[in-house]
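In: Need the 3D shape of this:
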Amino acid sequence: MIADAIEAASRVLKDPTPSRISGLVDKIINNILIDGQLSECDLTLKDINTIKERYSYILNGIFHKRIEYPGFNFNKPSTSEGEKDKSNGKEHISKYKDRHSVVQTQNEPGHDSIEIRKG
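Out: Next up is the predicted model:
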């Protein structure tokens, strides 16, 4: 119950900094306590504090900032139909479907194309 609420709320958190994540975890667990949802369990306040710390630690690991890699633009759009490579007079088009790559080879006119599945 606690994990579901924290996980769902963390997914919509804009700019998840460690302090925002910690505040979110505190707010959600405090609301659960105030609502009385934990009144019939044997958790102590020390246990609840440990739970808050662990959830904050885990979410900070998930949403940590990454360093910038020089020379790479990860935000540029990629080609959805694959990249064309012309080598040895043949055109290769690779497509990715369901994590398996499909390579289609279009040969000289009059010859059938070959489809090779990798994966």
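
In: so where's this protein shaky on pLDDT?
Out: Along the chain, the model assigns pLDDT under 70 to residues 74, 78-119.

In: hang on, isn't L59 packed against T17?
Out: No. In this structure L59 lies outside contact range of T17 using C-beta atoms under 8 Å: 10.9 Å. Using the backbone N, CA and C atoms, a C-beta is placed for each residue, glycine as well.

In: higher neighbour count, those two?
Out: L59 (22 against 13; other C-beta atoms under 10 Å).

In: mind checking which helix or strand the more buried one is in?
Out: Using DSSP states H and E, L59 sits within helix 45-62.

In: can you list contacts of that helix?
Out: Helix 45-62 is contacted from outside by 2-3, 6, 10, 16, 18, 21-22, 25-26, 29, 33, 38, 43, using C-beta atoms under 8 Å, 6 or more residues apart in numbering.

In: So which of those residues is surrounded by the most neighbours?
Out: V25 (25 neighbours).

In: on that earlier part again, same question for the helix holding L59: list its buried residues.
Out: By neighbour count on 16 or more other C-beta atoms under 10 Å, the buried set for helix 45-62 is 48, 51-52, 55-56, 58-60.

In: Relative to R66, which of the contacts of helix 45-62 is nearest.
Out: P16 (12.5 Å; C-beta to C-beta).

In: Double-check that the closest one belongs to a strand.
Out: No. Checked against DSSP: H, G, I helix; E, B strand; the rest coil, P16 lies outside a strand; its state is coil.

In: Got phi/psi on the residue lying closest to it once chain neighbours are set aside?
Out: Once flanking residues are discounted, P16 sits nearest to F63: 4.0 Å by C-beta to C-beta, 6 or more residues apart in numbering. Dihedral pair for F63: phi -100, psi 20, per degrees, to the nearest 10.
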